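Engineer: Got a predicted structure plus its sequence, pasted below:
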Amino acid sequence: MGEIEVLVADATHEKYVDVILKTIEEAAQVRGTGIAKRTHEYVATKMREAKAVIALQGEKFAGFSYIETWGNKQYVTTSGLIVHPDFRGMGLAKRIKDMTFSLARTRWPHAKIFSLTSGAAVMMMNTQLGYQPVTFAELTDDEAFWRGCEGCVNHDVLMRTGRKYCICTGMLYDPEEHLPAKIPQEVIDRIKKLED
């Protein structure tokens, strides 16, 4: 087995979008959990905008996640974390999560970063990065974000509770509560290259 590279995605990685979406859908079915569905174009756009992280072993897809800003860039979400079944149990999800977190901190250092998850492993990774569990009222009130939940099988729970509770746990990282994060130089270099 070759080395698995975790990097900020770009337009050259669009060829992986279909396998990413299929892997996410299959994982949600196996776990019996809800997940917000994303379109091919949505994921491809995240790659083109340097708002995604991909893991590859050579040319083989291994994992993925993306970020998005909300509320006039006051909030950033890290979303869609998935590891292909062939690469699970190797610590790859943590590597992807760490890179996604670093990407968000680099691009929007003053934004609050949040995550909605029903997975214990993601909750543990978020906690290690400094996230705290919060009520949904402490998350963005950006309607575009909450519309993203419409594709989830648990959307009715969210609506019945007036968007106060759901199956997912809301977790928030507030940069004002932490010392400046040490951001890997490779993330900084990649963003500078894409901005030029």
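Structural biologist: Looks like it came in fine.
Engineer: the helices in this structure, which residues?
Structural biologist: 17-31, 40-48, 92-107, 120-129, 143-147, 155-160, 185-195 (DSSP state H).
Engineer: tell me the most buried of these?
Structural biologist: helix 92-107 (a mean of 22; mean count of other Cβ atoms under 10 Å). Where you see a C-beta, it was placed from the backbone N, CA and C, and this is true even at glycine.
Engineer: where does the protein have low pLDDT?
Structural biologist: For the chain, the stretches flagged by pLDDT under 70 are 1, 31-36, 179-184, 196.
Engineer: contacting residues for the residue nearest to the spatial centre of the chain?
Structural biologist: In the chain, the C-alpha nearest the mean C-alpha coordinate belongs to residue 79, at 2.4 Å (Cα atoms, centre = their mean). Applying Cβ atoms under 8 Å, 6 or more residues apart in numbering to residue 79 gives the contacts 36, 65-68, 115.
Engineer: hmm, who's touching stretch 83-94?
Structural biologist: 4, 6, 19, 23, 27, 55, 57, 60-63, 81, 96, 121-122, 125.
Engineer: now, among those, which is nearest to residue 185?
Structural biologist: Comparing these against residue 185 with Cβ to Cβ picks out residue 6 as the nearest, at 14.4 Å.
Engineer: hmm, back to that, what's the separation between the residue nearest to the centre of the chain and residue 152?
Structural biologist: 12 Å (Cβ to Cβ, to the nearest Å).
Engineer: Next: residue 107.
Structural biologist: 26 Å.
Engineer: Same check on residue 96?
Structural biologist: Separation of residue 96 from residue 152 (Cβ to Cβ): 21 Å.
Engineer: what inclination does the longest strand anywhere in the chain have with respect to helix 40-48?
Structural biologist: In the chain, with assignment by DSSP state E, the single longest strand is strand 60-70. Orientation check (axes from the mean of the first three to the mean of the last three Cα atoms, to 10 degrees): strand 60-70 against helix 40-48 gives 90 degrees.
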